[in-house]
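> got a predicted structure here, sequence first:
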Amino acid sequence: MAVVNFATKNLAVKIVYYGPGLSGKTTNLRYIYFKLDPAYRGELVCLETDTERTYFFDLLPIKAGMIGEFKVHFQLMTVPGQVFYEASRKSVLKGTDGIIFVADSQIPLLDANLENFDGLRRNCLQHDIDLNKIPLVFQYNKRDLNYLIPVETFNNLLNPRKCPYVEAVAINGVGVFETLREISKLTVPAVREKIFGEKPREGKSHEDLNDREIENLKDVKPSPKDNVDFVPPGQADPIQVTKIKVKSQKDIEEELEKISRSYSEKAK
């Protein structure tokens with residue numbers, strides 16, 4: 001659930017990127033960080049153990065306008081891709097306001113997508129999250145490759161609820177901000193209703209009400225490094241990542257809670 005700080009008039013909306021390993025979750029966050037003007041983003045944080053870099057979450061708080069007199073910030077997080085980090089994936093999901101499922105479009109990875117989505121369903125149940133009601137957007141990534149799973153197959157197997165979906169090539173930025181805008185259209189009205197009891201006015205769609213609240217996402221200001229090509233994760237690049245070392249699941253849960261709260265308190 002969104003974190004509200006009535007003293008500072010800040011509202012932190014949590015969005016989780018979920019999906020198989022190497023499907024493009026971290027690439028999405030890094031591209032958003034790379035393209036946003038520093039005035040509209042915070043630190044990019046990586047949580048990892050000594051042995052597995054994949055055992056991490058990324059946190060990227062970005063300004064997203066106002067709900068009434070409250071400043072809205074999105075906290076974007078990823079889960080570790082490997083299913084044997086299930087406890088960490090479940091911890092990251094706690095309190096989420098919206099989910100982006102990043103699917104790998106390569107045919108050999110169909111089973112991995114299905115397995116991860118089943119895991120998402122199980123983890124949501126343990127947090128009393130109704131996957132049929134929570135804001136959910138699908139990103140079908142890596143659409144530039146050969147031998148792809150058809151979009152119709154993805155929708156039949158993963159998306160019978162007919163949630164919004166975006167075809168993407170995250171490594172090139174294709175569909176990255178489109179995905180973020182789709183989830184914002186769903187989460188901001190839901191948070192407004194849940195926290196403040198405000199429902200969309202008659203004759204106004206969520207999209208209409210949301211236009212001014214996510215204007216910083218609609219008109220992305222280029223980074224000073226905009227003339228530098230985006231470099232995917234794992235290669236030398238100009239993106240600065242704050243790394244926090246952890247040793248146990250308890251450490252992960254404590255850091256998640258501490259960082260989420262701290263961004264809500266100090267956001268300006």
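Everything's here; your move.

> and the gap between the closest residue to Gln240 other than its chain neighbours and Lys185?
Nearest residue to Gln240 in three dimensions, chain neighbours excluded: Leu44, at 7.1 Å (Cβ to Cβ, 6 or more residues apart in numbering). Just so you know, the C-beta spots here come from the backbone N, C-alpha and C atoms, and that holds for glycine as well. Counting by Cβ to Cβ, to the nearest Å, the gap between Leu44 and Lys185 amounts to 24 Å.

> now swap in Gly24 and tell me
Distance, Gly24 to Lys185, using Cβ to Cβ: 21 Å.

> where in the stretch 1-150 of the chain is pLDDT low?
Within the stretch 1-150 of the chain, the segments meeting pLDDT under 70 span 1, 49-57, 81-84.

> related to what we said a few turns ago, out of Gly24 and Lys185, which sits in the more crowded spot?
Neighbours were counted for Gly24 and for Lys185 using other Cβ atoms under 10 Å; Gly24 has more, 28 against 24.

> tell me the buried residues in whatever helix or strand Gly119 lives in?
Using DSSP states H and E, Gly119 maps to helix 110-126. Going by neighbour count (16 or more other Cβ atoms under 10 Å), the buried part of helix 110-126 is Leu110, Ala112, Asn113, Asn116, Phe117, Gly119, Leu120, Asn123, Cys124.

> dump the residue contacts of the second one.
Yep, that's Ala112 we're talking about. Contacts for Ala112 were tallied using Cβ atoms under 8 Å, 6 or more residues apart in numbering; they are Pro20, Gly21, Asp104.

> CA atoms only for the longest helix anywhere in the chain, dumped as CSV, please.
In the chain, taking DSSP state H as the definition, the longest helix is helix 176-196. The C-alpha trace of helix 176-196 is given here as CSV (Å, rounded to 0.1, in the frame of the first residue of the first chain):
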residue,chain,number,x,y,z
VAL,A,176,9.8,1.4,-21.6
PHE,A,177,8.1,4.7,-20.9
GLU,A,178,4.9,3.5,-22.5
THR,A,179,4.8,0.6,-20.0
LEU,A,180,5.4,3.1,-17.1
ARG,A,181,2.6,5.4,-18.3
GLU,A,182,0.2,2.4,-18.6
ILE,A,183,0.8,1.3,-15.0
SER,A,184,0.6,4.9,-13.7
LYS,A,185,-2.8,5.3,-15.4
LEU,A,186,-4.0,2.4,-13.2
THR,A,187,-2.2,3.0,-10.0
VAL,A,188,-2.7,6.7,-9.3
PRO,A,189,-6.6,6.5,-9.4
ALA,A,190,-6.5,3.3,-7.3
VAL,A,191,-4.2,4.9,-4.7
ARG,A,192,-6.4,8.1,-4.7
GLU,A,193,-9.5,6.1,-4.0
LYS,A,194,-7.8,3.8,-1.4
ILE,A,195,-6.0,6.5,0.6
PHE,A,196,-8.4,9.5,0.2
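
> and that helix, what's its mean pLDDT?
Mean pLDDT, helix 176-196: 91.

> list the buried residues for it?
In helix 176-196, counting by 16+ other Cβ under 10 Å, buried: 176-192, 195.

> residue ranges of the helices in the stretch 51-200 of the chain, please?
Taking DSSP state H, counting those that start in this stretch, the helices of the stretch 51-200 of the chain run over residues 86-93, 110-126, 151-158, 176-196.

> okay, these in JSON lines with distance to Glu167 next?
Listed next are the helices of the stretch 51-200 of the chain as JSON lines, based on distance: least, Cβ to Cβ, whole Å:
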{"stretch": "helix 86-93", "distance to Glu167": "25"}
{"stretch": "helix 110-126", "distance to Glu167": "15"}
{"stretch": "helix 151-158", "distance to Glu167": "7"}
{"stretch": "helix 176-196", "distance to Glu167": "9"}
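
> out of these, flag the one nearest Pro38.
Comparing those against Pro38 with Cβ to Cβ, the closest turns out to be helix 176-196 (16.7 Å).

> test my guess that Leu44 contacts Val241.
Yes - the pair Leu44 / Val241 is scored as a contact, 5.0 Å apart, by Cβ atoms under 8 Å.

> with neighbour numbers in mind, choose between the two.
Per other Cβ under 10 Å, whichever of Leu44 and Val241 has more neighbours is Leu44, with 21 against 15.
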